[in-house]
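>>> Structure, please.
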Amino acid sequence: MGDCRKIRNICILAHVDHGKTTLADHLIASSGGGLVHPKLAGRLRFMDYLDEEQRRAITMKSSSIALQYQGYSVNLIDSPGHMDFCSEVSTAVRMSDGALVLVDAVEGVHIQTHAVLRQAWVEKLTPCLVLNKIDRLITELKFTPMEAYTRLQRIVHEVNGIMSAYRSEKYLSDVDSLLAGTGGGGGDLELVEDEGDDEDTFQPQKGNVAFACALDGWGFCIGRFAEIYAAKLGASAAALLRGLWGPRYYNTKRKMIVGKKGVDGAGKDPEPMFVQFVLKPLWQVYEAALGDGGDRGVLEKVIKSFNLSVLPRELQNRDPKLVLQAVMSRWLPLSEAVLSMVAKCMPDPASAQSLRISRLMPRREEPAAVTGGGGASEIISEAERVRSSVEACDSGDDAPCVAFVSKMFAVPFRMLPAGAAPADDAAGDSEECFLAFARIFSGVFRAGQRVLVLSSLYDPLKRESMEKHIQPAELHSLYLMMGQGLKPVAAASAGNVVAIRGLGRQILKSATLSSTVNCWPFSSLMFQVAPTLKVAIEPSDPADMAALARGLRLLDHADPFVEVTVSSRGEHVLAAAGEVHLERCIKDLKDRFAKVSLEVSPPLVSYRETIEGNAPSPLEALKVVLSGAGDGVVERTTPNGRCLVRVQVMKLPGSLTKVLDDGAAVLGPVLEGKERVAVTGAGGGEHRQSDDSAVEALKKRILDAVDSEVEAASEHLDGDKVERYQSSLLLLLRRMWALGPRHVGPNILLVPPSGAAADYKEGILIAGPPQVSERLGFLGGGGGSDSGAQYTAATGAENAGELLSLEAEGLKSIVVSGFQLATAAGPLCEEPMWGLAFLVEAFLFPGAAEQQQQQQQQDLYGQAMTAVKEACRAAVLRSKPRLVEGMYFCELSTTTEHLGPMYAVLSRRRARILKEEMQEGSPLFTVHAYVPVAESFGFADELRRWTSGAASALLVLSHWEALPEDPFFVPKTEEELEEFGDGASVLPNTARKLIDAVRRRKGLPVEEKVVRHATKQRTLARKV
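Numbering: from 1, shown residues only. Down below sits the predicted model:
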């Protein structure tokens, strides 16, 4: 474990059921020190040691094992392929330097393949491609070698296209930042261009593509066949390696490798060399072993030619499949092909960390305020030294000790190695011990060493205010992970992956370990999705509530992705990524952590509320709201009569709403922390610089959304109106007072126009500054007279007293608070609002001079907040409200005969089909559809039941979509009255049913007929 040049840290990534754990079995059987017998490899699934994993036959957590191969120490991390456990993939990717990406040769690239390639790209891992299940092309699809070659070539090309798209995306974003002046100099641009023009990522001739059948234990890279044919053909192995992939042919007359132009002498029906020299021999061996009346002579010839040690009793086995496995696994051993590719193509930790340092620990440039010297410059210089040690993977005695913990995982105390001393990291009387899944990036960690635990928010330049983000801890023990087993080690140097005991009380999910306080924390993990499936949990026996609370704390600690909260009604709410993830969490609660019987509510589905929109004339709706003059004004007056609130609402363009919702993570620190950063002195300059780059990117996305909206509107608007529409949208961006809910949502509070005060000259118009527009940079460069007038706190009432002005100043925050309350709980079912812009004009009038002024002021603030909230909700109700529901993107695969039952299931779930295509060269159909989140529960089980298990589905949260149905539909037109009558016989539509269900769950009143017939109840028996 000392020489980091002989270490390889790799993870296995793939779509579900593409063979990750089966491949890991064979690698462990050959290099795991006898943990798995070779005959059990592929069937034991050693890394799936949880009972639930064995029962479901899927991997549910990332686990590591240390292998030894020709002097190399390989830390192999097996990861899940199911979308519900994508957080485990994130933890595995951060620990690794390279990734084995598996793709099923029959099913091809799936949606999760895209996701794991994206994660490997973001974390700057070096990937290698393994095309698995090659045998299915022979035995199931009955392909000829040429057809199989076309299929394999198409998959490699498709995966290369995905990686090329990621490179192009980075290239374009870097060029945009350089053109905007936020990047470096011209040298950086040249570097980006070189990277963008690079060759394909995966090339078999480079040795980073393997072809395998993990179940039968054989696999190869084309370099293996190049060595085999080099002596026979009298050619160099290097020349054959270049010719064994692509449009290269072997000219038997001239004994040369030629391209398409020299095919004439290559035979009557020329075949590429990969088909002729690689696939055809494989097909012959399979036909000899599995075909009717197979020729055992071919197998014996292979055994003799390559001097394979196959026992006679294995050849005499009656099961031809076992005979084939015996020959193929010795001729082309899978572990040798994969591990040699890992050793050759994947970098050691020192090389990898120099490539990944910009992602792991982004550089913080020295702020201008620090150049004068002082303590801050010393902190930054030491932090830079720590960063350099991480970049070089320095394991010297004087190197700072730095590690990253990607997750905490629970292990029963009985599973710890014998003789493990007790520690104080147990949670109460729990039988679980929490270990940290860590990667050492610098220095040497030893058992008993004291370190500092840094959270992701730690900033060494603000050490005085960072006490809660830094904690001291002692490393009790270090373990080398061997799947389920643990091997104690006294010390571990940089580049290794270890489990650390003793951090259970300091770390909840992930953290940075450092031996010095002057260290920047590692960047946070990237997760593909958010936990969207929520249920309320309570114990069957109320006396077990304390045990449930303790169990939920342990579960939150042990699972990197689960979220445990307490709702406003006092319910314990558990949020998971999907149904499978939720079922595992509930089982862990019952059997491991809480050990009590539980009652689980139906899923708590989140909705949003919006209005119908401005389809007839978005320009007119925008002009009316910005001017404050229109028929849709809702007025509310406080009970004391001192405050009048006028509200108008409009729907924001969909593209702008999506940008604001997606940018919540950037908007939060920008809107809440920019003023604080500005006064922090030395440390502030740096953060302001990083904030500016994020703000510029968000501003560009907002402007792009406006441009796309204007372009879409130009199809049904005249040229002059298009320009006015664009200028109105830009004016809206310059008048953003606040966002909501929680100050970062997709709803906008607009600054009222200055001319509104003329209608109420005796009162003061409460008009706050456009803070959001200012911080996003939309006021720069001369916003015009309209925007300049918005900075006044209150206008009107020239002769108003000083007390009235102070009250008006205090009411600014009250208006914003009322807006936040309204957008957090809409009028339909108290769900957050979505994509709305509110114009709130609040007027304050003088009151009678009385003694209790302070009490009156408190009453005024409370009444004004309530008036703003109620006016906003009433404005939404008046503007044709609509319910917005989440939508899953669903990818389904099934055979032709099961398409009908699959479509029947989709139609019952209100799904919308996007496309249907047949996979080339296979009987499988791939269907893409949108499925509402509310209809997704039990979807996979129903699909399997109706298709006899022939269909599989993968759900990924996609977007929010408004239901077109009016929940308060009443027949009005002649056609509607003719169809529905007076409305008494109109059944509740889908939107109304969903709203009523949410209102019942929240304990809100529901309009429904409890008694339909007030006469005496009739029975089935009629007694005359």
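
>>> When you work out contacts or count neighbours from here on, use the C-alpha atoms and nothing else.
Will do.

>>> Quickly find the element holding L671.
According to DSSP states H and E, L671 maps onto helix 664-678.

>>> Look up phi and psi at I764.
For I764, the backbone dihedrals are phi -110, psi 130 (criterion: degrees, to the nearest 10).

>>> Report the separation between it and C345.
With the distance defined as Cα to Cα, to the nearest Å, I764 ends up 72 Å from C345.

>>> Give the helix, strand or coil label for V931.
Going by DSSP: H, G, I helix; E, B strand; the rest coil, the secondary structure assigned to V931 is strand.

>>> Contacts only, for S309.
Remark: with contacts taken as Cα atoms under 8 Å, 6 or more residues apart in numbering, S309 is in contact with I303, R330.

>>> quick one: pLDDT of it?
For S309, the pLDDT comes out at 83.

>>> before we move on, what about V175?
At V175, the pLDDT value in this model is 54.

>>> what about stretch 594-605, how long is it end to end?
Using Cα to Cα, the gap from the first to the last residue of stretch 594-605 comes to 25 Å.

>>> typo on my end, it should be stretch 574-593
Criterion Cα to Cα; first-to-last residue distance in stretch 574-593 is 14 Å.

>>> Now it: buried residues?
Using 16 or more other Cα atoms under 10 Å as the test for burial, stretch 574-593 gives 574-582, 585-590, 592-593.

>>> Neighbour count for I764 and C345, which is higher?
Under the neighbour definition other Cα atoms under 10 Å, I764 and C345 were set side by side, and I764 has more, 26 against 17.

>>> quick one: that one and K812 touch, right?
No - distance between I764 and K812: 11.7 Å, which falls outside the contact criterion (Cα atoms under 8 Å).

>>> Which secondary structure element of the protein has the lowest mean pLDDT?
Lowest mean confidence among the helices and strands of the chain (mean pLDDT, DSSP states H and E): helix 186-196, at a mean of 37.

>>> That helix: what's the following helix or strand?
The next secondary structure element downstream of helix 186-196 (using DSSP H and E) turns out to be strand 209-213.

>>> so what does whichever helix or strand comes after that next one touch, helix or strand wise?
As assigned by DSSP H and E, the chain's next helix or strand after strand 209-213 is strand 218-220. Contact analysis of strand 218-220 by 3 or more Cα pairs under 8 Å, 6 or more residues apart in numbering; DSSP states H and E lists strand 209-213, helix 320-331, helix 334-345 as its packing neighbours.

>>> and the shortest one, C-alpha only, in CSV?
If I follow you right, that is strand 209-213. As requested, C-alpha coordinates have been extracted for strand 209-213 and formatted as CSV (Å, rounded to 0.1, in the frame of the first residue of the first chain):
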residue,chain,number,x,y,z
VAL,A,209,-12.5,-1.5,-24.9
ALA,A,210,-13.0,-5.1,-23.8
PHE,A,211,-15.5,-7.7,-25.1
ALA,A,212,-16.8,-10.1,-22.6
CYS,A,213,-19.3,-12.6,-21.4
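
>>> May I have the strands that pair with it, each with its orientation?
Strand 209-213 has the following strand partners under DSSP bridges: strand 126-132 (parallel), strand 218-220 (antiparallel).

>>> model confidence over the first one, on average?
Along strand 126-132, the predicted local confidence has a mean pLDDT of 95.

>>> who touches that strand?
18-19, 97-105, 120, 152, 202, 208-214, 342, 345-347.

>>> cutoff 6 Å now
Strand 126-132 is contacted by residues 98-105, 208-213 when judged by Cα atoms under 6 Å, 6 or more residues apart in numbering.

>>> same question, the shortest one
With Cα under 6 Å, 6+ apart as the test, strand 218-220 has contacts from A210, F211, A212, M328, S329, L332, P333, L334, A337.

>>> Show the low-confidence segments of the stretch 601-750 of the chain, by residue range.
Low-confidence segments of the stretch 601-750 of the chain (pLDDT under 70): 614-621, 623-631, 672-693.

>>> residue ranges of the helices in it, please?
According to DSSP state H, counting those that start in this stretch, the stretch 601-750 of the chain carries its helices in the segments 618-627, 654-662, 664-678, 682-713, 719-733.

>>> ok, longest strand in this structure?
strand 881-895 (DSSP state E).

>>> So which elements touch it?
For strand 881-895, the elements it packs on are strand 607-611, strand 924-932, strand 952-962, judged by 3 or more Cα pairs under 6 Å, 6 or more residues apart in numbering; DSSP states H and E.

>>> Can you name the next helix or strand after the last one?
Of the helices and strands lying after strand 952-962 in sequence (DSSP H and E), the nearest is helix 974-980.

>>> ok, and what's touching that following helix?
Outside of helix 974-980, the residues within contact range by Cα under 6 Å, 6+ apart are P971.

>>> Pop the domain breakdown of the chain in here.
Domain assignment for the chain by the TED database gives 1-173+200-217+333-347, 223-331, 349-364+377-418+425-514, 533-604, 613-671+690-779+801-879, 882-1002.

>>> and these as CSV, adding distance to S523?
Rendered in CSV, the data for the domains of the chain read as follows (distance: least, Cα to Cα, whole Å):
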stretch, distance to S523
domain 1-173+200-217+333-347, 10
domain 223-331, 39
domain 349-364+377-418+425-514, 6
domain 533-604, 16
domain 613-671+690-779+801-879, 14
domain 882-1002, 24
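
>>> Kindly format the C-alpha coordinates of the helix or strand where E774 lies as PDB.
Of the helices and strands defined by DSSP H and E, E774 is found in helix 771-775. Once side chains and other backbone atoms are set aside, the C-alpha atoms of helix 771-775 remain, and they are given as PDB (Å, rounded to 0.1, in the frame of the first residue of the first chain):
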ATOM      1  CA  GLN A 771     -33.000  43.700  -4.900                       C
ATOM      2  CA  VAL A 772     -33.100  40.600  -7.100                       C
ATOM      3  CA  SER A 773     -32.600  42.500 -10.300                       C
ATOM      4  CA  GLU A 774     -29.700  44.400  -8.700                       C
ATOM      5  CA  ARG A 775     -27.900  41.300  -7.500                       C
END
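
>>> list the helices and strands it packs on?
When contacts are defined as 3+ Cα pairs under 6 Å, 6+ apart, helix 771-775 sits against strand 736-740.

>>> Counting by contacts, list what the strand it packs on packs against.
Packed next to strand 736-740, using 3+ Cα pairs under 6 Å, 6+ apart, are strand 747-750, helix 771-775.

>>> between it and helix 654-662, how many degrees?
Taking axes from the mean of the first three to the mean of the last three Cα atoms, to 10 degrees, one finds strand 736-740 and helix 654-662 inclined to each other by 60 degrees.

>>> from here on, count from 25
From this message on, residue numbering opens at 25, which makes the last subject strand 760-764.

>>> List the contacts of strand 760-764.
Outside strand 760-764, the residues within contact range by Cα under 6 Å, 6+ apart are G769, N771, I772, L773, L774, V775, P794, Q795, V796, S797, Q844.

>>> any idea where the strands of the stretch 325-474 of the chain begin and end?
Assignment of strands within the stretch 325-474 of the chain using DSSP state E, counting those that start in this stretch yields the ranges 426-436, 456-466, 468-470, 474-478.

>>> Quick one: residues in contact with the shortest one.
The reference is to strand 468-470. By Cα under 6 Å, 6+ apart, the residues outside strand 468-470 that reach it are S419, A514, A515, A516, S517.
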